[in-house]
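Colleague: give me the fold of what follows.
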Amino acid sequence: MDRPENDCVTLLKHPSGSQVYIIGTAHVSRKAAEDVAALISRVSPVIVVLELDEQRQQKLIEQAQEGDKYGLNRLRKKSTWEIVRMGLSGEGLQYFMSAMYTVTGAVVGTMPGGEFLAALEAAQGVGAQVVLGDRDQNATLKRLSYYTRYLTRQDSRSQADMRRLRNMMDSSRKEDGGSGPRIDSPTSMDVGRQPDFMQREPPPTRKEMEVEEEVRQSRGSEDPWGVGPGEDTEVGMRRRLLEMMKQGGCPQPNKVLEAAQRIFRDGMDPSGSIKPTDILTVRECGNSIVDTFRLRAIKGDSTWMQRLEQEQVAGAKGAAGMELSNTAMRKVLVDERDLILARRLWEAGLEAGSQPVVGVVGAGHLKGIEHYWPEAGADATEATVQQYMQAPREDKGSPWLTGAVGAAVLGTIGYRRPKAAAMFAGAVAFATAPYFGFMIVTVNRFSKFASKLVNTVEMMDAGGEGSAGGFAEDTGMSWAAEGNGSTSGTDSEWK
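Modeller: Sure thing, here's the model as predicted:
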């Protein structure tokens with residue numbers, strides 16, 4: 001591996017004689033888009049490999065054609081049925097990932113995925129073939145869900161559902177005038193706590209052992225971010241974000257956190273308005289973090305860039321009510337795609353012969369691609385890549401077994417609580433699809449928040465955020481995208 005005169009580029013040499021230039025990008029970096037266009041114009045490659053799949057490329061092109069800079073249109077106007085369908089099809093995470101990039105792009109003032117659009121335009125300008133080198137995003141999300149399920153022994157969502165059911169049934173007991181034992185009493189059918197024999201740690205299943213062995217043999221199977229017990233709390237989140245801002249060169253991280261909190265609070269409040277000064281405060285820090293971590297990754301230290309991306313995925317999964325597994329995210333989102341991209345770049349180099357190739361990938365993948373490059377051309381690598389390209393095969397009947405158990409428990413509750421029997425049909429639906437109500441509320445609220453934020457940013461863009469007498473100097477100027485209202489004062493408490 002060589003480092004050309006441009007520090008943003010890694011040069012890999014192919015046995016065919018082709019020089020494979022790989023530029024590491026950040027998906028919300030204006031500088032990265034400029035660097036990509038400049039590299040392609042300078043090198044004039046015959047092939048440009050993009051870290052995209054067909055669906056994401058089409059969405060980016062449509063977004064650009066519609067003038068939808070931040071990708072807001074795909075978040076708007078979701079009917080209840082569309083949200084339910086997202087829950088049934090597993091597209092909830094995909095939606096919230098798009099929402100995260102929309103919000104991040106608006107805050108930092110950059111079109112998400114702009115570097116890929118710049119690459120497409122530059123490739124057309126030099127007559128280069130464009131190769132989409134990433135895995136289909138639906139396969140990626142299915143693999144992530146699969147490994148998360150088998151790597152997470154306790155289903156936190158099911159536990160939360162059981163707590164909700166216990167509270168609901170106890171409320172029903174109060175309506176009965178206090179008759180009958182409490183749901184959580186030792187003499188009752190205790191749905192809030194498993195029987196003693198079920199509380200003991202069960203031995204791992206064959207599938208769990210297979211998954212654990214597969215992960216153990218993969219590169220970097222350890223927790224790469226060090227997010228241990230307690231780190232998913234608000235205190236842990238604050239600690240991680242402060243450290244990330246410090247590493248990213250933000251001079252006043254506490255001030256940035258307060259501004260970010262006000263943006264979220266005011267954006268979620270239907271009568272609130274987002275202050276442009278808060279956006280500018282977060283934007284300065286956000287751009288510093290993205291550019292700093294990108295350069296570190298290009299120089300060989302991808303830890304912080306991957307941590308930044310992990311926080312985005314974790315946020316999207318949390319918004320979708322999904323479980324988290326750092327090991328699953330590392331394996332599916334990083335390691336597997338490192339190998340896939342390395343293989344696609346190697347194939348492009350073979351096809352190019354002695355002519356150059358340019359690869360445009362997230363900076364967090366550079367180190368992994370370099371690691372896999374010596375074996376990228378092997379037959380065994382191709383076999384592994386083909387395995388990674390597919391959604392994993394599920395065990396037959398396992399989802400239905402969980403639903404049947406839940407329905408049986410609820411049936412017992414309905415029988416023991418006569419006044420609760422009227423709610424039984426709805427409760428069965430709640431057990432088989434416990435996240436739909438949550439998702440409907442969350443999707444609608446988050447889309448309104450994103451709309452308000454983007455509208456504020458677009459007004460800032462139209463007015464010129466750095467002009468004299470502009471937003472940076474006028475701390476009282478703000479807009480509400482929906483309804484009128486005043487903003488609240490500064491609140492430094494992290495909520």
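Colleague: per-domain residue ranges of this structure.
Modeller: According to automatic domain parsing, the chain comprises the domains 1-69+111-152+325-393, 159-194+398-432.
Colleague: any idea which of those domains scores lowest on pLDDT?
Modeller: Mean pLDDT values for those show the minimum at domain 159-194+398-432, a mean of 44.
Colleague: so who does M389 touch?
Modeller: The contact partners of M389, taken as Cβ atoms under 8 Å, 6 or more residues apart in numbering, are R135, D136, A139, I340. Just so you know, the C-beta spots here come from the backbone N, C-alpha and C atoms, and that holds for glycine as well.
Colleague: if you set the cut-off to 7 Å instead, what comes out?
Modeller: R135, A139 (Cβ atoms under 7 Å, 6 or more residues apart in numbering).
Colleague: and for L345?
Modeller: Residues in contact with L345 (Cβ under 7 Å, 6+ apart) are V20, I22, V49, G133, V357, G359, I369.
Colleague: would you agree I22 falls within a strand?
Modeller: Yes. Membership of I22 in a strand is supported by DSSP: H, G, I helix; E, B strand; the rest coil.
Colleague: that one touches G359, doesn't it?
Modeller: Yes. Counting by Cβ atoms under 7 Å, I22 touches G359, with 4.2 Å between them.
Colleague: these two: which has the busier surroundings?
Modeller: Neighbour comparison, I22 and G359: the larger count goes to G359, with 30 against 27 (by other Cβ atoms under 10 Å).
Colleague: surely that one forms part of a strand?
Modeller: Yes. Counting by three-state DSSP, G359 is part of a strand.
Colleague: now do it against E370, distance only.
Modeller: For G359, the distance to E370 equals 12 Å [Cβ to Cβ, to the nearest Å].
Colleague: and V28, helix, strand or coil?
Modeller: For V28, the assignment made with three-state DSSP gives coil.
Colleague: that one: neighbouring residues, count only.
Modeller: By other Cβ under 10 Å, 26 other residues sit near V28.
Colleague: do E347 as well
Modeller: Number of residues near E347 (other Cβ under 10 Å) recorded here: 20.
Colleague: give me the residue ranges of the stretch 201-350 of the chain where confidence is low.
Modeller: By pLDDT under 70, the low-scoring segments of the stretch 201-350 of the chain are 201-204, 207-208, 211-213, 215-234, 312-325.
Colleague: which stretches of it form helices?
Modeller: 206-217, 234-247, 253-268, 276-298, 303-319, 326-329, 336-352 (DSSP state H, counting those that start in this stretch).
Colleague: next: the stretch 1-150 of the chain.
Modeller: Using DSSP H, counting those that start in this stretch, helices in the stretch 1-150 of the chain cover 30-43, 54-65, 80-89, 92-108, 114-126, 137-151.
Colleague: tell me which of those is the most buried.
Modeller: A comparison of the helices of the stretch 1-150 of the chain by mean neighbour count, using mean count of other Cβ atoms under 10 Å, puts helix 92-108 on top with a mean of 23.
Colleague: other SSEs contacting that one?
Modeller: With contacts defined as 3 or more Cβ pairs under 7 Å, 6 or more residues apart in numbering; DSSP states H and E, helix 92-108 has these neighbours: helix 137-151, helix 276-298, helix 303-319, helix 436-463.
Colleague: please redo it, this time with the cut-off set to 6 Å
Modeller: On a contact count with 3 or more Cβ pairs under 6 Å, 6 or more residues apart in numbering; DSSP states H and E, helix 92-108 meets helix 276-298, helix 303-319, helix 436-463.
Colleague: can I get the ones you listed in CSV with distance to R149 and mean neighbour count?
Modeller: Below are these laid out as CSV (distance: least, Cβ to Cβ, whole Å; neighbours: other Cβ atoms under 10 Å):
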stretch, distance to R149, mean neighbour count
helix 276-298, 30, 22
helix 303-319, 12, 20
helix 436-463, 18, 18
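Colleague: want to try a markdown table for those, with distance to L144 as columns?
Modeller: Below are those laid out as a markdown table (distance: least, Cβ to Cβ, whole Å):
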| stretch | distance to L144 |
| --- | --- |
| helix 276-298 | 21 |
| helix 303-319 | 8 |
| helix 436-463 | 18 |
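Colleague: for the closest residue to P356 other than its chain neighbours, give its distance to M100.
Modeller: Closest residue to P356 apart from its sequence neighbours, by Cβ to Cβ, 6 or more residues apart in numbering: P45 at 4.5 Å. Taking Cβ to Cβ as the measure, P45 falls 31 Å from M100.
Colleague: ditto for R206
Modeller: Going from R206 to M100 by Cβ to Cβ gives 36 Å.
Colleague: got it, and N73?
Modeller: In terms of Cβ to Cβ, N73 sits 16 Å off from M100.
Colleague: my read: V332 touches K142, true?
Modeller: No. With contact defined as Cβ atoms under 6 Å, V332 does not reach K142; the gap is 9.4 Å.
Colleague: for the helices and strands packed on helix 92-108, which one sits closest to D379?
Modeller: The closest of the helices and strands packed on helix 92-108 to D379 is helix 303-319. By Cβ to Cβ, the value is 29.1 Å.
Colleague: gap between L117 and A352?
Modeller: From L117 to A352 the distance is 23 Å (Cβ to Cβ).
Colleague: ah, wrong one, I meant P392
Modeller: For P392, the distance to A352 - Cβ to Cβ - is 33 Å.
Colleague: the more surrounded of these two?
Modeller: Under the criterion of other Cβ under 10 Å, the comparison of P392 against A352 puts A352 first, with 21 against 16.
Colleague: and which of the contacts of L345 is nearest Q58?
Modeller: Of all the contacts of L345, Q58 sits closest to G133, with 15.7 Å by Cβ to Cβ.
Colleague: residues in contact with the closest one?
Modeller: V49, L341, R344 (Cβ atoms under 6 Å, 6 or more residues apart in numbering).
Colleague: from R307, how far off is the closest residue to the last one other than its chain neighbours?
Modeller: In space, and not counting its chain neighbours, R344 is closest to G133: 3.6 Å by Cβ to Cβ, 6+ apart. Note on G133: its distance to R307, by Cβ to Cβ, is 24 Å.
Colleague: go on, E34?
Modeller: Taken as Cβ to Cβ, the span from E34 to R307 is 25 Å.
Colleague: before we move on, what about G353?
Modeller: With the distance defined as Cβ to Cβ, G353 ends up 39 Å from R307.
Colleague: swap in V334?
Modeller: Counting by Cβ to Cβ, the gap from V334 to R307 is 11 Å.
Colleague: one more: Y21?
Modeller: According to Cβ to Cβ, Y21 stands 26 Å off from R307.
Colleague: give me the nearest residue to R74, chain neighbours excluded.
Modeller: Residue nearest to R74 in three dimensions, not counting chain neighbours: S98, with 6.0 Å by Cβ to Cβ, 6+ apart.
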